[in-house]
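> Sequence first, then the predicted structure:
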Amino acid sequence: TVLIISTVVFLVLRIIPGDPAEVIAGIDSSPEDVEKIRRQLGTDISLAAQYGRWLGDIANLNFGTSYMSGQPVGRLILQRFPLTLALAVLAMVISVLIAIPLGVLSAVHRWSFWDYTGMAISQIGMAVPSFWLGILLLLFFSVKLGIFPIFGAGGFKHLVLPALSLGLARAAVLLRVTRASMLDELNREYMVTARAKGLPEIMVRYKHALKNALLPVVTIAGIQFGYMLGGSIIIEQVFSLPGVGRLLLTAVNQQDFPLIQGGVVFVAIVFSLINFLVDIVYSLLNPKIRTS
């Protein structure tokens, strides 16, 4: 996965118009200055040679040096990653705390108040863009009430509104998956067997049914968490958070090829690791996977 993504990113960045050497040199530079910068950047060699060098650097976890700052790309990403990770974790916690209990209640008490509430929240969450929700939260809680800071990163309070913006949007999808999975489990034959054995209804629902219903939920939650790590660019821009997403957006505006490449590949590596951890959790929840 990382190899394919790194190859696609490398080729796409070479296809788009613009020369980083000309951007760095400025509009008043001479052709000799531009050529000198190309040699320093390594863009004066063939595309195949650049690609081979790029793969070699990735294999050694060397993401190159930023064109604009002159600092190693890996160092720049690692400086910003803790903030993005904290934002994603808090948003994931909010999403899970809303989606799973409400999804279970919606399935257990079908066509009740809880079910209609869950479906309404799901519809609204899927229809409202997270960045627009973030702007509304800023206007109400920061500008009008002054409870939370408007922008920047200085502590937990700075992450609450961005995490809510991300978490509420992702909770809509997770809630639907939880409800559908729980309904499917409640209608299976082993539920009838468990009730016939005289087990309490609370044990039938929340021990046997819920444990099996969480299998697809864990998978979707892992994918959602990966999206939060890599897809928080707009939220970080709205709330002026100096995370990885905003770093990549700045790199795109400045045509900083090494920083863009390194950032995308770093997110791909993290995403792959998250999927691997989800597979492990999946096997812990389902013994059949371990035995097979």
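Right, received. Where do you want to start? What you see is a predicted model, and the numbers here were worked out from it, not measured in a lab.

> Longest helix in this structure, please.
In the chain, taking DSSP state H as the definition, the longest helix is helix 73-108.

> and it, which residues are buried?
73, 76-77, 80-81, 83-84, 86-88, 90-92, 94-96, 98-100, 102-108 (16 or more other CB atoms under 10 Å). Any C-beta I mention is one placed from the backbone N, CA and C, and that applies to glycine too.

> same deal with stretch 140-150?
141-142, 148-149.

> Then stretch 276-285?
For stretch 276-285, a neighbour-count test (16+ other CB under 10 Å) marks 278, 282 as buried.

> now for the helix or strand harbouring I280, which elements pack on it?
Assigned by DSSP states H and E, I280 belongs to helix 257-285. Packing partners of helix 257-285 (3 or more CB pairs under 8 Å, 6 or more residues apart in numbering; DSSP states H and E): helix 2-15, helix 73-108, helix 210-230, helix 244-253, helix 287-291.

> To W54, which of the ones you listed lies closest?
helix 2-15 (5.6 Å; CB to CB).

> what's the spacing between the closest one and its chain's center?
20 Å (CA atoms, centre = their mean, to the nearest Å).

> Would you mind identifying the next helix or strand past it?
Note on helix 2-15: by DSSP H and E, the next helix or strand toward the C-terminus is helix 20-25.

> Mean confidence (pLDDT) on that following helix, please.
The average pLDDT for helix 20-25 rounds to 72.

> With stretch 168-183 instead?
Here the average pLDDT along stretch 168-183 is 88.

> cool, and stretch 186-206?
Here stretch 186-206 scores 79 as its mean pLDDT.

> Can you point out the buried residues in it?
Neighbour counts over stretch 186-206 (16+ other CB under 10 Å) mark 186, 191, 194, 204-205 as buried.

> CA atoms only for it - export them in PDB, please.
Below are the C-alpha coordinates for stretch 186-206, written out as PDB (Å, rounded to 0.1, in the frame of the first residue of the first chain):
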ATOM      1  CA  LEU A 186     -30.500  -9.800  17.400                       C
ATOM      2  CA  ASN A 187     -32.300 -11.600  14.600                       C
ATOM      3  CA  ARG A 188     -29.900 -14.600  14.500                       C
ATOM      4  CA  GLU A 189     -30.900 -18.000  15.700                       C
ATOM      5  CA  TYR A 190     -28.300 -18.100  18.500                       C
ATOM      6  CA  MET A 191     -30.300 -15.300  20.200                       C
ATOM      7  CA  VAL A 192     -33.300 -17.600  20.300                       C
ATOM      8  CA  THR A 193     -31.200 -20.300  21.800                       C
ATOM      9  CA  ALA A 194     -29.700 -18.000  24.400                       C
ATOM     10  CA  ARG A 195     -33.200 -16.900  25.500                       C
ATOM     11  CA  ALA A 196     -34.400 -20.500  25.500                       C
ATOM     12  CA  LYS A 197     -31.600 -21.300  28.000                       C
ATOM     13  CA  GLY A 198     -33.100 -18.800  30.400                       C
ATOM     14  CA  LEU A 199     -30.400 -16.200  30.100                       C
ATOM     15  CA  PRO A 200     -31.400 -12.700  31.200                       C
ATOM     16  CA  GLU A 201     -32.300 -10.400  28.400                       C
ATOM     17  CA  ILE A 202     -29.600  -7.900  29.300                       C
ATOM     18  CA  MET A 203     -27.000 -10.600  29.000                       C
ATOM     19  CA  VAL A 204     -28.400 -11.800  25.700                       C
ATOM     20  CA  ARG A 205     -28.400  -8.300  24.200                       C
ATOM     21  CA  TYR A 206     -25.300  -6.700  25.700                       C
END
